[in-house]
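A.B. asks: how would this look folded up:
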Amino acid sequence: MGKDIKAKGIPRPLVKTNQAVIVISVLLTWLTGQHWILAIPLAAGLSGLLFGYNPVMKAGVNFLKKERSAYVQEDWEQQQFNQSIAVFCLAAGLISFLAGWNIAAYIFTALVAVAATVAILGFCIGCFIHYQWRMYNYRRKQGSTQ
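C.D. replies: Below you'll find the model as predicted:
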């Protein structure tokens with residue numbers, strides 16, 4: 001999942017697999033009280049951000065029925081942005097659970113679970129935030145040149 005992904009993008013089924021692992025991990029954490037479960041998508045997300053290798057997506061490649069290029073490709077940079085939000089929320093949730101700050105833990109884990117669920121259903125909250133951020137920077141830059 002390294003440099004070839006940056007150039008070509010990420011097949012949508014792999015992105016959805018990663019999102020599903022996040023949702024399932026949060027739900028299992030809530031249902032079982034086993035907070036370490038959050039470490040699974042957290043570690044995968046950190047690995048993807050730091051090394052360009054997400055083990056969840058790498059495992060998902062084995063289940064693709066077509067060539068990677070035959071699927072709709074998600075933008076690598078956009079997915080890195082989304083993954084950074086997910087990693088932040090997962091880390092904040094796990095740390096909050098470990099510290100006994102249950103309200104904060106449930107808020108952070110609910111945020112990431114809702115965002116991943118909505119993304120699976122077709123609306124990317126992270127994409128919306130990223131677009132708004134880029135537009136804000138563009139307008140700010142335009143204002144400073146006049």
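A.B. asks: if I pick the residue nearest the centre of the chain, what's in contact with it?
C.D. replies: Centroid check for the chain by CA atoms, centre = their mean gives residue 83 as the closest residue, at 3.2 Å. Applying CB atoms under 8 Å, 6 or more residues apart in numbering, we find residue 83 in contact with 18, 45, 48-49, 54. For every residue, glycine as well, the C-beta is placed using N, CA and C.
A.B. asks: can you tell me the helix or strand for it?
C.D. replies: With secondary structure defined by DSSP states H and E, residue 83 is part of helix 76-99.
A.B. asks: immediately after that helix, which helix or strand?
C.D. replies: Criterion used, DSSP H and E; the element after helix 76-99 is helix 102-121.
A.B. asks: Only the buried residues of that following helix, if you could.
C.D. replies: By neighbour count with 16 or more other CB atoms under 10 Å, helix 102-121 contains the buried residues 105-106, 108-109, 111-113, 115-116, 119-120.
A.B. asks: With pLDDT added, can I get the residues you listed in CSV?
C.D. replies: As requested, the buried residues of helix 102-121 are exported to CSV (pLDDT from 0 to 100):
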residue, pLDDT
105, 98
106, 98
108, 98
109, 98
111, 97
112, 97
113, 97
115, 96
116, 96
119, 94
120, 95
